[in-house]
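Novice: A predicted structure for the sequence below; I have some questions about it.
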Amino acid sequence: MARIDGKTIWITGASSGIGEALTYLLDEKKCKIIISARRLNELQRVKNNCINKENISILEMDIAMIDMAKSKTSEAINTFGNIDILINNAGISQRSLIIDTDISVDKKLMDVNYLGTVALTKAILPFFVENGSGHFVTVTSLMGKFGSPYRSGYCGAKHALHGFFDVLRMEHEKDSIVVTLICPGFINTDVAKNALTGDGSVQEKNDTATANGISPKSFSIKMVKAIEKNKHEAYIGQKEKMGVYLKRFFPKLLHRVVLKSTVK
């Protein structure tokens, strides 16, 4: 097992939720951390809450602006002179039926959740190859393994991430590059509040399942353990994790279970 302590790590989506909790945990482990998101004031708040502020660098960035991926990657590398781990955490969710969802919403979900992550990954990949090491950690979702109503575009983007990073792992294992896919279930964050509805507006309200999810801190502890073990995939949540295995072995049963669920 490779300890994460003291590593240089770049985290996207670090201004709240999982990214914020992960920053605090890695700060305790004396990592050098580059934190990125769109909201500069929130990134500053996160940094101010850290113990080793000298090890925290802020890099404001909109993951959907894929033309900026290369320049932002150069900035990130130059910050501490190295990056050991890229944690692709930035993303946005959805709560709308397919028939009610404008195609512009599907595009935004792909731009943020898939293409933005792929662009950043491709930008830093040559650096990892040249160094002969590097670890891509991508936060997908259990929705990247099976589907659920009201999340069609979100599921599509998360499924796409699995396809891309599975191939990246195969192509660059020879370069000692590691890929870990982290699949959260329900985590008590603002993901539901920030989810897009059919017309592209923000839902602005939580749901019961998300509110009753595990805490970002508990999630981050499990996530770091998976990273240190170089796991290919890790499913982190509560009973909803069983959906992965039902999909694999009993797909029709999963279909019935999801349709009977009150989760929206």
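Specialist: Yes, it's here.

Novice: remind me, longest strand of this protein?
Specialist: Criterion DSSP state E: the longest strand present in the chain is strand 177-184.

Novice: Toward the C-terminus from that one, list the very next helix or strand.
Specialist: Next along the chain after strand 177-184, taking DSSP states H and E as the criterion, comes helix 208-211.

Novice: Just the residues contacting that next one, thanks.
Specialist: Under the criterion C-beta atoms under 8 Å, 6 or more residues apart in numbering, residues Phe186, Ile187, Asn188, Thr189, Val191, Ala192, Glu240, Val263 lie in contact with helix 208-211. Yep, even glycine has a C-beta here, placed from its N, CA and C like the rest.

Novice: List the contacts of the first one.
Specialist: Under the criterion of C-beta under 8 Å, 6+ apart, the contact partners of Phe186 comprise Ala209, Thr210, Asn212, Gly213, Ile214, Gly237, Gln238, Glu240.

Novice: distance of it from Leu125?
Specialist: 32 Å (C-beta to C-beta, to the nearest Å).

Novice: cool, the fifth one as well?
Specialist: Taking C-beta to C-beta as the measure, Val191 and Leu125 are separated by 28 Å.

Novice: Neighbour count: these two, which is higher?
Specialist: Val191 (23 against 19; other C-beta atoms under 10 Å).

Novice: Can you mark which positions in stretch 90-104 are buried?
Specialist: Within stretch 90-104, the residues scored as buried using 16 or more other C-beta atoms under 10 Å are Ala90, Gly91, Ile92, Ser93, Gln94, Arg95, Ser96, Thr101.

Novice: Just give me the closest of those residues to Lys32.
Specialist: Using C-beta to C-beta, Ala90 is the member of those that lies nearest Lys32, at 19.6 Å.

Novice: Looks like the closest one contacts Ala69 (just checking).
Specialist: No - checked against C-beta atoms under 8 Å, the pair Ala90 and Ala69 is beyond contact range at 11.9 Å.

Novice: Identify the contacts common to those two.
Specialist: Joint contacts of Ala90 and Ala69 (C-beta under 8 Å, 6+ apart) are Gly116.

Novice: By neighbour count, which of the contacts of Phe186 wins?
Specialist: Neighbour tally across the contacts of Phe186 (other C-beta under 10 Å): the maximum, 22 neighbours, falls on Gly213.

Novice: Contacts only, for that one.
Specialist: Gly213 touches Gly185, Phe186, Ile187, Asn188, Thr189, Gly237, Gln238, counting by C-beta under 8 Å, 6+ apart.

Novice: now for the longest helix belonging to the chain, which elements pack on it?
Specialist: Longest helix in the chain, counting residues (DSSP state H): helix 152-172. Helix 152-172 sits against helix 103-110, helix 116-131, strand 134-139, strand 177-184, with contacts defined as 3 or more C-beta pairs under 8 Å, 6 or more residues apart in numbering; DSSP states H and E.

Novice: got the ones you listed as CSV, with distance to Ile83 columns?
Specialist: Converted to CSV, the helices and strands packed on helix 152-172 look like this (distance: least, C-beta to C-beta, whole Å):
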stretch, distance to Ile83
helix 103-110, 25
helix 116-131, 7
strand 134-139, 8
strand 177-184, 12
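
Novice: Include distance to Asp62 when you put the contacts of Gly213 into CSV, please.
Specialist: Formatted as CSV, the contacts of Gly213 follow (distance: C-beta to C-beta, whole Å):
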residue, distance to Asp62
Gly185, 27
Phe186, 27
Ile187, 23
Asn188, 25
Thr189, 19
Gly237, 28
Gln238, 32
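
Novice: what two of these have the greatest distance between them?
Specialist: Greatest spacing in the contacts of Gly213, by C-beta to C-beta: Thr189 and Gln238 (14.6 Å).

Novice: Quick check: Ile63 touching Val118?
Specialist: No - using C-beta under 8 Å, Ile63 makes no contact with Val118, being 10.3 Å away.

Novice: so what's in contact with these two at the same time?
Specialist: Contacts common to Ile63 and Val118, judged by C-beta under 8 Å, 6+ apart, are absent.

Novice: Run a quick neighbour tally on Lys229.
Specialist: Using other C-beta under 10 Å, Lys229 is surrounded by 12 other residues.
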